[in-house]
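1. Below is the sequence, then the predicted model.
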Amino acid sequence: MLIRAVAIVTDRNNFREFRVLAEEAGYRIVDTVYVRRLTPRGLSEAKLEEVREAVRRSLAEVVLFDKELKPKHMYNLWKHVNVQVRDRVEVILEIFRRHSPSKEADLQIKLASLNYELARAREKVLLAKSGEQPALIMGPGQYEVDKYYLEIKRRIQTIKRKLEEERRKRSVHRGMRRRRGYKTIAITGYTCSGKTTLFNYLSGMSMKTGDEPFTTLSTKYSLLKIGLWKAYIIDTIGFIQDLPPFVISAFYSTLEEVSEADIVYLVVDVSEELDKASAKLETSLDILDKLGFKGKVIIVGNKVDQINNREALRPVKSLFDATGHPSIFISAATGEGVDKLLRLTEELLGIGVETRVEIPYTRGDFFEIVGMVKEEGVGGFEELEDRMVFRGRLPEHVIDKLIHKGVKVYAEGLRSTSGA
Ligand SMILES: Nc1nc2c(ncn2[C@@H]2O[C@H](COP(=O)(O)OP(=O)(O)OP(=O)(O)O)[C@@H](O)[C@H]2O)c(=O)[nH]1
Ligand SMILES: [Mg+2]
């Protein structure tokens, strides 16, 4: 059962998104009050009255605010309407709590909530001290300022320690992948853009997808062969507008996979109106930047199966081109365009070096070497009387390995070859 809510809306353009977020968090918006801007005290008297009336009329149990609210504004609002008040950040955190798929995600959500609490603690304590009713404050009435602060900090530290272990394991795993020459491709983008649908198409897996935001809250991996490369593709948690930095940082241990990826697919739902797609693209690029991602980006315009007239994609294409990143249009649902995406990916990862490798039958490790070249290369073998010859492309790290083993390799741009 959804809880009846009155929404205060400051951003009309994104109201549809906020309504979906609210529903996913367990609220049904039964009435709305539009507000253009806040006064220093928060809502104007007239608007407060309007909200109170809406609450009374619609029998709402909660008031939702579509942006982050300062504690004093929240308090002021609560005092007038006399029902609980939740801002956008709290709504998002509630969705996270509902969708949490794992213990690690639980911890990350707790960390985000505590960070949110910490950022507001001082103001809340001041409110409580000034004798104002602390009912919407999570119990700091009985705490001294410092104690309240320290308690939150202590809990943050405990959670961070627990998460650190997971982060360490992931980092070891990443190091191992890199040493083996594996590449990493992170699928990122706004929530509901179709990241998991693409991940499923590429991996053959069937992870949960859905129209509701934040279906995916933990990273998933799959190993894929793309041209010469073995690449880990990673499905990640979606981005959203106005996500405060501390929420992002709580998920940092998982998002670290993104910041260190070789290639990021930035998925954009192009079946939406241009201004929506544009805003979501901008938000996503901004978050990638905040995560410190410096690698290559491919913008993936998804859901083209929804577009009847492909001419309509021209303005979207211009939008993508203006970012300076290459882009491809696909449908993750039907698979259209995914082959082009993979070809571009291979090009960006590197198509390797044209080589000729000679492997004498007399080598003790003959089968091992042939196996390695077959697995890592793209090309063909020729059986001669005394040796097997491979002609084709190989990644550089494999050429290094072969030379190290004393195998004869003739490659473009290679000054010398090593002979057995
Ligand atoms: N028509 C169409 N629908 C798609 C396509 N790709 C994804 N969808 C739908 O879009 C919705 C969201 O897809 P997901 O793959 O769950 O999106 P996501 O980006 O992983 O979303 P979060 O994990 O919630 O951030 C689902 O209902 C999908 O079926 C596509 O190419 N065409
Ligand atoms: Mg997903």
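-> Thanks, I have it. Numbering: from 1, shown residues only. Ligands and ions are numbered 1, 2, ... in the order given.
2. quick one: the helices in the chain?
-> Secondary structure of the chain (DSSP state H): helices at 15-25, 45-58, 71-81, 88-99, 103-129, 145-179, 195-203, 245-250, 252-259, 274-290, 314-321, 338-349, 366-376, 396-404.
3. Let me have these in CSV, adding distance to L266 and mean neighbour count as columns.
-> The C-beta positions use only the backbone N, C-alpha and C, and glycine is treated the same way. What follows is these, written out as CSV (distance: least, Cβ to Cβ, whole Å; neighbours: other Cβ atoms under 10 Å):
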stretch, distance to L266, mean neighbour count
helix 15-25, 19, 19
helix 45-58, 38, 16
helix 71-81, 34, 20
helix 88-99, 21, 21
helix 103-129, 22, 19
helix 145-179, 21, 14
helix 195-203, 10, 22
helix 245-250, 16, 18
helix 252-259, 10, 20
helix 274-290, 6, 18
helix 314-321, 9, 16
helix 338-349, 12, 16
helix 366-376, 29, 15
helix 396-404, 27, 17
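4. Would you mind listing what in this structure touches ligand 1?
-> By Cβ under 6 Å from any ligand atom, the part of the chain that sits against ligand 1 consists of 191-197, 209-211, 213-216, 238, 302-303, 305-306, 331-333.
5. now the helices of the chain as TSV including mean pLDDT?
-> Shown next, in TSV, are the helices of the chain (pLDDT from 0 to 100):
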stretch	mean pLDDT
helix 15-25	94
helix 45-58	95
helix 71-81	87
helix 88-99	92
helix 103-129	82
helix 145-179	87
helix 195-203	97
helix 245-250	79
helix 252-259	81
helix 274-290	94
helix 314-321	97
helix 338-349	96
helix 366-376	94
helix 396-404	92
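6. And those: which comes nearest V6?
-> Set against V6 and scored by Cβ to Cβ, the helices of the chain come closest in helix 45-58, at 4.6 Å.
7. Who are the packing partners of the closest one?
-> Contacts defined by 3 or more Cβ pairs under 8 Å, 6 or more residues apart in numbering; DSSP states H and E place helix 45-58 against strand 3-9, strand 27-34, helix 71-81.
8. Send over the longest one as PDB, restricted to the C-alpha atoms.
-> Meaning helix 71-81. In PDB, the C-alpha atoms belonging to helix 71-81 read as follows (Å, rounded to 0.1, in the frame of the first residue of the first chain):
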ATOM      1  CA  PRO A  71      17.000  21.100   8.000                       C
ATOM      2  CA  LYS A  72      15.600  24.500   9.100                       C
ATOM      3  CA  HIS A  73      13.400  24.700   6.000                       C
ATOM      4  CA  MET A  74      12.300  21.100   6.600                       C
ATOM      5  CA  TYR A  75      11.600  21.900  10.200                       C
ATOM      6  CA  ASN A  76       9.600  25.000   9.400                       C
ATOM      7  CA  LEU A  77       7.500  23.100   6.900                       C
ATOM      8  CA  TRP A  78       6.900  20.200   9.400                       C
ATOM      9  CA  LYS A  79       5.800  22.700  12.000                       C
ATOM     10  CA  HIS A  80       3.100  24.000   9.700                       C
ATOM     11  CA  VAL A  81       1.800  20.900   8.100                       C
END
